[in-house]
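[1] sequence unknown, structure follows:
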């Protein structure tokens, strides 16, 4: 189905994920990330989380929201659904940023699986 046949659909264009992102998501969607660290506070649009006294990370509002949802109970897939519903963003638009944020947070020990 091309856009010529359905010109009104360009506003809600379906996002195709790259194979790499799709594979990463598929490999982690059933995992239940658990946040680590301690929330220190927020200043304007920056959220501060400490892993230790020496390691404090500044998170974007999205990264903080994801971190806060990592309670060891919710799967990556349910976190993606939550963000998609609350932000009213198409599910596939949520996947890539979610995968990237979770990978970065895992590298610095802000989440574990």
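    In hand now; what should we look at? Model, not experiment: these values are computed from the prediction.
[2] and residue 47, how many neighbours does it have?
    21 (other C-beta atoms under 10 Å). C-betas here are computed from N, CA, C, even on glycine.
[3] for it, helix, strand, or coil?
    strand (DSSP: H, G, I helix; E, B strand; the rest coil).
[4] Now the closest residue to it other than its chain neighbours: which helix or strand?
    With sequence-adjacent residues excluded and distances taken as C-beta to C-beta, 6 or more residues apart in numbering, residue 47 is closest to residue 64, at 3.7 Å. Assigned by DSSP states H and E, residue 64 falls within helix 61-69.
[5] can you list the residues that contact the next helix or strand along the chain from that helix?
    For helix 61-69, the succeeding helix or strand toward the C-terminus, using DSSP H and E, is helix 76-87. When contacts are defined by C-beta atoms under 8 Å, 6 or more residues apart in numbering, helix 76-87 is touched by residues 25, 28-33, 62, 65-66, 69-70, 74, 89-91, 93-95, 98, 102.
[6] Just the buried ones from those?
    Taking 16 or more other C-beta atoms under 10 Å as the criterion, what is buried in the contacts of helix 76-87 is 25, 28-29, 33, 65-66, 69-70, 74, 93-95, 98, 102.
[7] ok, back up a step: the residue nearest to residue 47 - how many residues pack around it?
    Counted with other C-beta under 10 Å, the neighbours of residue 64 add up to 20.
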